[in-house]
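**Student:** pasted the sequence and its predicted model underneath.
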Amino acid sequence: MGERKTSGKKPASIAVILVIAGLTAAGILFFKPGKNPAGQSTDTVDESASVTAGIMKDEEFGGILIDIGIEEFNSHGFDFGDSVNVSFENGETINDIPYYSGYYTAIGELLLCGYPGSENVAVKRSYGDDTWEEFTGPGIDSVTVTLMEKGKYLDIEELYNLTYSDDRNDYESDSIFANFREIEGGKLRNKYFYRSASPCDNLHNRAKYANALSEENNIGFVINMSDSEEKYLSHREKEDFESFYYDSLYNDGKVCVLALTANYMSPEYTEKLSGAFLKMAEEGKPALIHCVEGKDRTGFACTLLLALADASAEEIVKDYMITYDNYYGITEEESPERYDAVKKNVDDFLEFISHTEKGSDLNPGDIKKGAENYLRAGGLSGDEIEKIEKYITGSK
């Protein structure tokens with residue numbers, strides 16, 4: 001594709017928000033009427049805010065969905081960046097967890113999340129295990145969320161809070177809008193591996209563009225990280241479904257649906273992704289990897305792919321961070337603090353794959369060895385791993 005820079009129009013909402021660290025100091029529970037620095041209404045701040053609502057299991061990610069929308073939840077006196085307590089009917093409580101608009105905690109840590117576009121506020125672990133199984137059980141039908149401290153985590157919320165437009169007119173090209181690009185690095189075969197937002201799930205209005213670019217680039221095999229068979233078929237039944245090239249691949253058995261959560265450390269993730277890589281190699285065609293937005297589940301798969309192709313840590317980071325330029329205009333030059341904050345995600349991928357401590361220097365050999373061990377843990381043999389490596393590098 002060749003496109004790497006984003007000089008076109010960007011949504012006004014993604015301007016960098018200054019971090020107001022003083023608002024996180026203990027004891028600051030009230031703000032003057034109007035707006036706080038995060039743009040949240042503060043006219044009716046209530047330090048005793050509380051909500052009790054029913055719960056449901058998040059079948060896709062395994063979290064606890066609270067039966068209340070984000071806007072309604074916030075109307076009860078909550079704002080992103082607050083500290084909250086969550087109480088269950090069995091008497092178990094989760095104290096002092098952040099309420100964020102995204103997954104801004106460290107891996108495995110709990111949070112209350114109101115992700116933009118979601119129908120429900122949810123209790124989850126960032127990239128972690130199933131909170132539904134961990135905290136609920138028979139007879140537990142509701143939870144109570146209470147405010148612990150106003151704005152305690154506001155500095156983190158402001159640093160990480162990222163929004164993007166779903167309007168094609170706000171982007172320079174179809175490929176930037178669809179986050180569609182060739183994966184490049186190491187010895188990876190040219191014009192053979194691509195990543196993108198979903199070409200079939202039109203949640204963010206990008207499906208038809210990713211679908212068209214898939215056809216244009218002769219994609220012959222797809223690893224769909226996010227959908228199950230049932231969920232894919234539900235996309236196909238929607239009135240706005242226009243992904244006919246993608247559907248032809250699906251009908252020919254060339255789309256591998258994995259239905260993975262964000263917990264890339266789980267044995268299920270390892271086994272499914274390893275199997276998908278082997279199938280991709282057996283097909284031997286130009287391939288696309290995607291989830292919904294093409295960010296983190298896709299990002300981890302691309303990290304693994306590049307690691308197997310002898311890519312350096314710098315090349316892997318570069319590939320991952322292009323997504324955040326495409327969506328949010330975040331670059332190392334223009335937004336160094338946010339760039340470093342987001343970069344921690346892919347640093348975590350690399351440390352997990354290579355089994356190294358945080359901050360360690362990583363050479364391509366260590367990264368590749370870790371990637372091969374990851375595939376072995378997923379059930380692949382040495383011969384199968386060699387087949388994948390020959391396919392992705394184009395070697396004989």
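**Tutor:** The structure has been received and is ready for your questions.

**Student:** can you tell me the closest non-neighbouring residue to I353?
**Tutor:** Excluding the flanking residues, the one nearest I353 by C-beta to C-beta, 6 or more residues apart in numbering is G370, at 4.3 Å. The C-beta positions use only the backbone N, C-alpha and C, and glycine is treated the same way.

**Student:** tell me if the one you found really is in a helix.
**Tutor:** Yes - under DSSP: H, G, I helix; E, B strand; the rest coil, G370 falls within a helix.

**Student:** which ones are touching it?
**Tutor:** Neighbouring residues of G370 by C-beta atoms under 8 Å, 6 or more residues apart in numbering: 307, 353-356.

**Student:** got it, and T303?
**Tutor:** So T303 contacts 316, 320, 346, 349-350, 353 (C-beta under 8 Å, 6+ apart).

**Student:** ok, 6 Å please
**Tutor:** 316, 349 (C-beta atoms under 6 Å, 6 or more residues apart in numbering).

**Student:** in three-state terms, how would it be classified?
**Tutor:** helix.

**Student:** low-confidence ranges in the stretch 251-396 of the chain?
**Tutor:** For the stretch 251-396 of the chain, no stretch has pLDDT under 70.

**Student:** what about the helices in it?
**Tutor:** Under the criterion DSSP state H, counting those that start in this stretch, the stretch 251-396 of the chain contains helices at 267-283, 296-308, 313-328, 336-354, 364-377, 382-393.

**Student:** tilt between the fifth one and helix 382-393?
**Tutor:** When you say that, I think you mean helix 364-377. Helix 364-377 and helix 382-393 are oriented at 130 degrees to each other (axes from the mean of the first three to the mean of the last three C-alpha atoms, to 10 degrees).

**Student:** CA atoms of helix 364-377 as CSV?
**Tutor:** Output of helix 364-377 as CSV, limited to C-alpha atoms (Å, rounded to 0.1, in the frame of the first residue of the first chain):
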residue,chain,number,x,y,z
PRO,A,364,15.2,-10.4,16.8
GLY,A,365,16.6,-13.8,17.8
ASP,A,366,15.0,-13.7,21.2
ILE,A,367,11.7,-12.5,19.8
LYS,A,368,11.7,-15.2,17.1
LYS,A,369,12.5,-17.9,19.6
GLY,A,370,9.7,-16.7,21.8
ALA,A,371,7.3,-16.8,18.9
GLU,A,372,8.3,-20.3,18.0
ASN,A,373,7.7,-21.4,21.6
TYR,A,374,4.3,-19.7,21.5
LEU,A,375,3.3,-21.9,18.5
ARG,A,376,4.6,-25.0,20.3
ALA,A,377,2.5,-24.1,23.3
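
**Student:** okay, buried residues for it please.
**Tutor:** Buried residues in helix 364-377, counted by 16 or more other C-beta atoms under 10 Å: 364, 366-368, 370-372, 374-375.

**Student:** and the residues you listed as JSON lines, adding distance to E237?
**Tutor:** Formatted as JSON lines, the buried residues of helix 364-377 follow (distance: C-beta to C-beta, whole Å):
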{"residue": "P364", "distance to E237": "45"}
{"residue": "D366", "distance to E237": "46"}
{"residue": "I367", "distance to E237": "42"}
{"residue": "K368", "distance to E237": "42"}
{"residue": "G370", "distance to E237": "41"}
{"residue": "A371", "distance to E237": "38"}
{"residue": "E372", "distance to E237": "41"}
{"residue": "Y374", "distance to E237": "36"}
{"residue": "L375", "distance to E237": "35"}
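
**Student:** wait, which of these is closest to R236?
**Tutor:** Each of these was scored against R236 by C-beta to C-beta, and L375 proved nearest at 31.6 Å.

**Student:** does the closest one touch K272 like I think?
**Tutor:** No - between L375 and K272 there is no contact under C-beta atoms under 6 Å: 12.0 Å.

**Student:** thinking again about what came up before, can you tell which of the helices of the stretch 251-396 of the chain is closest to A106?
**Tutor:** For the helices of the stretch 251-396 of the chain, proximity to A106 was assessed by C-beta to C-beta; helix 336-354 is nearest, at 8.5 Å.

**Student:** list the buried ones in the closest one?
**Tutor:** 338-339, 341-343, 345-354.

**Student:** who's in contact with it?
**Tutor:** 107, 159-160, 300, 303, 313, 317, 320, 324, 330, 332, 362, 366-367, 370-371, 374.

**Student:** how close does the nearest residue to I330 once chain neighbours are set aside get to V346?
**Tutor:** Closest residue in space to I330, ignoring its immediate chain neighbours: Y324 at 4.3 Å, by C-beta to C-beta, 6+ apart. Distance of Y324 to V346, computed by C-beta to C-beta, to the nearest Å: 10 Å.

**Student:** now do D130
**Tutor:** To V346, D130 is 24 Å away according to C-beta to C-beta.

**Student:** and S360, backbone torsions?
**Tutor:** Main-chain dihedrals, S360, degrees, to the nearest 10: phi -70, psi 150.

**Student:** give me the nearest residue to it, chain neighbours excluded.
**Tutor:** E351 is the one closest to S360 (C-beta to C-beta, 6+ apart), at 7.2 Å.

**Student:** for the stretch 101-250 of the chain, which segments count as helices?
**Tutor:** Using DSSP H, counting those that start in this stretch, helices in the stretch 101-250 of the chain cover 131-135, 154-160, 174-177, 207-216, 229-236, 244-251.

**Student:** hey, least reliable of those helices by pLDDT?
**Tutor:** In terms of mean pLDDT, the lowest-scoring of the helices of the stretch 101-250 of the chain is helix 131-135 (a mean of 88).

**Student:** got the domain boundaries for this protein?
**Tutor:** Here the domain parsing of the chain from automatic domain parsing is 18-160, 172-393.

**Student:** now render those domains as CSV, adding distance to D166.
**Tutor:** Formatted as CSV, these follow (distance: least, C-beta to C-beta, whole Å):
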stretch, distance to D166
domain 18-160, 9
domain 172-393, 5
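
**Student:** and among these, the most buried is which?
**Tutor:** Of the domains of the chain, the one with the most neighbours on average (mean count of other C-beta atoms under 10 Å) is domain 172-393, at a mean of 19.

**Student:** and that domain, how far out from the chain's middle?
**Tutor:** 11 Å (C-alpha atoms, centre = their mean, to the nearest Å).
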